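*Asks:* one predicted model, sequence on top.
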Amino acid sequence: MLRFDIPPVWSNVIRWEAFLTSLICAFSLFFTPWLMLLLLVQGAVRGFLGHYRCPSHILWKKLFTRFHWQGKTENAGAKMFANKVLFLASSVCLALFVAGSKLWIVPCIVLIIFSTAEWLFSFCAACWVYSAWYRVFPPANS
C-alpha cells in the first residue's frame, strides 16, 4: 500500500543509507556486534516514526540536496517497511549475541547482502515483498 500521508524519500539518500548499513554490518562482523545498536535505533526511528524524523536521514537529505545528488523521489511506505525489517534483523542479531550464540553472524550477513543489493543495484528486497503483498492482498476499501 503506497503511503501518501508521509513525505516521499530521495532515492540516492536511501542508497547512501543502505551503503552505510552495509558498512556498519561489516564493521560489526570484524570489530564488535554492539555496532548493530545503531542500526536497531535507525530501523526503529525510520521504520516506525518515518524517515523525516530520523536525524541521520535529515542530515543526508540536506547534504545531498545541497549538492543536487538527491535522485528521484520514491514512496516512503515500502522504505519504512524495509526499515522495520532492519529493526527486526538487528534486534535478532543483538539478542543472539547477548545470548552467547555465534548465530548472530547470520542476520548480520543477510543484512549485508540485502543492503548491498539496495545500494549497488537499486534492488530493495523488502520493498519488493511489500509491493507483492499488497498486489496479492489489497487493503479493503472502507
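*Replies:* Done, it's in.

*Asks:* give me the number of residues near the closest residue to residue 72 other than its chain neighbours?
*Replies:* Of all residues not flanking residue 72 in the chain, residue 11 sits nearest, at 5.1 Å (Cβ to Cβ, 6 or more residues apart in numbering). (Each C-beta comes from the backbone N, C-alpha and C, glycine too.) For residue 11, the neighbour count with other Cβ atoms under 10 Å is 16.

*Asks:* try the one 3 residues further on
*Replies:* When neighbours are counted by other Cβ under 10 Å, residue 14 registers 27.

*Asks:* next one: residue 133
*Replies:* Residue 133 has 12 nearby residues by other Cβ under 10 Å.

*Asks:* what's the biggest helix by length in the chain in contact with?
*Replies:* With DSSP state H setting the assignment, residue counts place helix 76-98 as the longest helix in the chain. Helix 76-98 has contacts (Cβ atoms under 8 Å, 6 or more residues apart in numbering) with 1-3, 6-9, 14, 21, 28, 33-34, 36-37, 39-40, 42-44, 46-48, 50-51, 103-104, 106-108, 110-111, 118, 124, 126-127, 129-131.

*Asks:* sorry, back to before: and the residue nearest to residue 72, how close does it get to residue 23?
*Replies:* With the distance defined as Cβ to Cβ, to the nearest Å, residue 11 ends up 19 Å from residue 23.

*Asks:* what residue ranges in this protein score low on pLDDT?
*Replies:* The chain contains residues with pLDDT under 70 at 1-4, 141-142.

*Asks:* that one: strands as residue ranges?
*Replies:* 9-10, 73-74 (DSSP state E).

*Asks:* off-centre distance for the first one?
*Replies:* Yep, that's strand 9-10 we're talking about. Taking Cα atoms, centre = their mean, to the nearest Å, one finds the center of strand 9-10 at 13 Å from the center of the full chain.

*Asks:* packing partners for it?
*Replies:* The contact analysis (3 or more Cβ pairs under 8 Å, 6 or more residues apart in numbering; DSSP states H and E) places strand 9-10 against helix 55-66, strand 73-74.

*Asks:* can you redo these as TSV with mean neighbour count and distance to residue 97?
*Replies:* Compiled in TSV, the helices and strands packed on strand 9-10 are given as follows (neighbours: other Cβ atoms under 10 Å; distance: least, Cβ to Cβ, whole Å):
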stretch	mean neighbour count	distance to residue 97
helix 55-66	15	23
strand 73-74	14	33
